[in-house]
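Visitor: Sequence plus predicted model, see below.
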Amino acid sequence: MIALLRVLMALCSLTTAAHFLRFGTLWDAVPCVLPMTALAWPRILPRPLLCMAALGGALLWVDHAANLVQWRLSLGQPWVRLAAILGSVCVAHLTALALLAGQAGRRLFGDLDGVAWSKTAIFVLVSATLVLAGATTKIPLLMGERFFPDSGSFWIVAFALYGAAIGGLLLGNRADRVRGRIWTLFSAVFFGQLALGLAGWSAFLMTGKLHLPVPALILAGPIYRGEGFFMLTLLAVSLALVGPAWCSHLCYIGAWDDRLARWDFGRPKTLPAWAPRLRMAILVATILTPLVLRAMHIPWIWALGLAAAFGLAGVGIMLLWSRRTGTMTHCTTWCPVGLVNNLLGRILPWRIRIDAGCTRCGACAAACRYNALTRADLDRNRPGLTCSLCGDCLPRCLHAHIGYAFAGLDPQRSRQLFVVLVTTLHAVFLAVARI
């Protein structure tokens, strides 16, 4: 049965790819050979997604056969042989589906467990989001489309495949390392494309309307201008879906703070008691300053200068304090967006829970760069306000006394749902990571 499944997957992949190559483009055909590729690299696609591909292929060939038979009937031409040939292709897809769902599929591609379903959900959500986003905009959102016209389907599948792979890694035992690396990748892509755009390659910019990549301007910019709510909308969407996890997975500046905090390989140091008060004062100033500048009709160049100075001061804090203390001082003390996320996150259902069996060994605190697992926090049996749901603490607890919690789900299901949502956002943001 395993040999038959291999043969059917190869034949189905090639026939469907040939169909798209004839009626579409090479870019449309390439994703169709992914199921065949999975025969060599079984982990490239989760088994539920392979089952969906087989079912989708069967429906495609049924529709194609029905259209061709109807066309031949309308012309009075013979159709039985055509129906038999295309019907056999459909049967091959359905047979492959049955084998994938059975023992042969399990032996080749693993169990239909929570990780497999999570990876499948990420693939579907990333694909659907990028298709919807592309259909509602007048400009090509995906970078590849700007250099290779009509290649949108290929890049959508590529980003969805990337998201599924990352989701599987984030559900593994090395999630803390994976998160830091993909976050750094996102920031590098974001600023790399910005640099190329500013160097004269306009294709690397979204629209050409630039703004300083300083997180505080997500709040202050719209207040000063009275418009430009795109980034604020993205922030609100991420907050609604994954709570304050913008600050640990999606912020283009936060990745710098994370890298510099990890420069010190020792235990992260606790922030001083006045840090929360300073953070609140900065948030108030971030809201009041643009209101004052607007009311006084201060020229935009002065506002831009203040924003640039604030951003550079934040970089200095990363270099001077985060690197030396091992704690993300910029994100937990200087950035007002982080405080907004933390405060609003308190009324949203996502949480990191510490159960009653916790021994206060402090292993989780050694992994926390957000100053959210101090001794006082552990004594209260919950992370502090600065917790951004990064999840770095989870692999450190050898007895699984700490984990995600959401709306009554058990920790395992909560973690899977969180990874699905945050990885989907990461992959989508990476796909459109341009100013």
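Guide: Happy to help now that I have it.
Visitor: For the lowest-mean-pLDDT helix or strand in the chain, name the packing helices and strands.
Guide: Every helix and strand in the chain was compared by mean pLDDT, DSSP states H and E; the lowest is helix 143-147, with a mean of 85. Helices and strands touching helix 143-147, by 3 or more Cβ pairs under 8 Å, 6 or more residues apart in numbering; DSSP states H and E, are helix 152-170. To be clear about C-beta, it is placed using only N, CA and C from the backbone, and glycine gets the same treatment.
Visitor: For the helix it packs on, what is the distance to the chain centroid?
Guide: Relative to its parent chain, helix 152-170 has a centroid offset of 9 Å by Cα atoms, centre = their mean, to the nearest Å.
Visitor: next one: stretch 288-298
Guide: 36 Å.
Visitor: One more: stretch 337-347?
Guide: 20 Å.
Visitor: buried sites along it?
Guide: Residues 337-342, 345 are the ones in stretch 337-347 that count as buried (16 or more other Cβ atoms under 10 Å).
Visitor: Of these, just say which sits nearest to G254.
Guide: G338 (7.9 Å; Cβ to Cβ).
Visitor: Please read off the pLDDT at that closest one from the model.
Guide: Predicted confidence (pLDDT) for G338: 94.
Visitor: so it makes contact with A245?
Guide: No: G338 is beyond contact range of A245, at 11.4 Å (criterion: Cβ atoms under 8 Å).
Visitor: what is in contact with these two at once?
Guide: Counting by Cβ atoms under 8 Å, 6 or more residues apart in numbering, the common neighbours of G338 and A245 are S388.
Visitor: Among the buried residues of stretch 337-347, name the ones in helices.
Guide: 337-342, 345 (DSSP state H).
Visitor: tell me the contacts of H211?
Guide: Contacts of H211 (Cβ under 8 Å, 6+ apart): 217, 221, 228, 231, 435.
Visitor: ok, how many other residues are close to the nearest residue to the first one once chain neighbours are set aside?
Guide: In space, L217 comes closest to A307 once its chain neighbours are excluded; the distance is 5.7 Å by Cβ to Cβ, 6 or more residues apart in numbering. Around A307 sit 20 other residues, with neighbours defined as other Cβ atoms under 10 Å.
Visitor: Quick check: which ranges of the protein have low pLDDT?
Guide: 207-210, 264-265, 434-435 (pLDDT under 70).
Visitor: How is it divided into domains?
Guide: Domains of the chain are assigned by automatic domain parsing as 1-110, 113-207+414-435, 211-400.
Visitor: I'd like these as TSV, with distance to G408 appended.
Guide: As requested, the domains of the chain are arranged in TSV below (distance: least, Cβ to Cβ, whole Å):
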stretch	distance to G408
domain 1-110	24
domain 113-207+414-435	9
domain 211-400	9
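Visitor: Would you map the helices across the stretch 251-400 of the chain?
Guide: All helices of the stretch 251-400 of the chain, identified by DSSP state H, counting those that start in this stretch, fall at 254-261, 275-295, 300-317, 323-325, 329, 336-345, 375-379.
Visitor: Please enumerate residues in contact with the shortest one?
Guide: Think helix 329. 257, 261, 271, 317-318, 321-322.
Visitor: Just flag the most distant two among those.
Guide: Spatial extent of the contacts of helix 329 (Cβ to Cβ) is set by the pair L271 and M318 at 14.1 Å.
Visitor: In the protein, where's the longest helix?
Guide: Counting residues, the longest helix found in the chain (DSSP H) is helix 47-75.
Visitor: Next, the buried residues of it.
Guide: With burial defined by 16+ other Cβ under 10 Å, the residues of helix 47-75 counted as buried are 47-55, 57-58, 60-62, 65, 69.
Visitor: other SSEs contacting that helix?
Guide: By 3+ Cβ pairs under 8 Å, 6+ apart, helix 47-75 packs against helix 2-23, helix 34-40, helix 80-101, helix 103-109, helix 114-135.
Visitor: among these, which is the most enclosed?
Guide: helix 114-135 (a mean of 20; mean count of other Cβ atoms under 10 Å).
Visitor: tilt between it and helix 152-170?
Guide: For helix 114-135 against helix 152-170, the angle by axes from the mean of the first three to the mean of the last three Cα atoms, to 10 degrees is 150 degrees.
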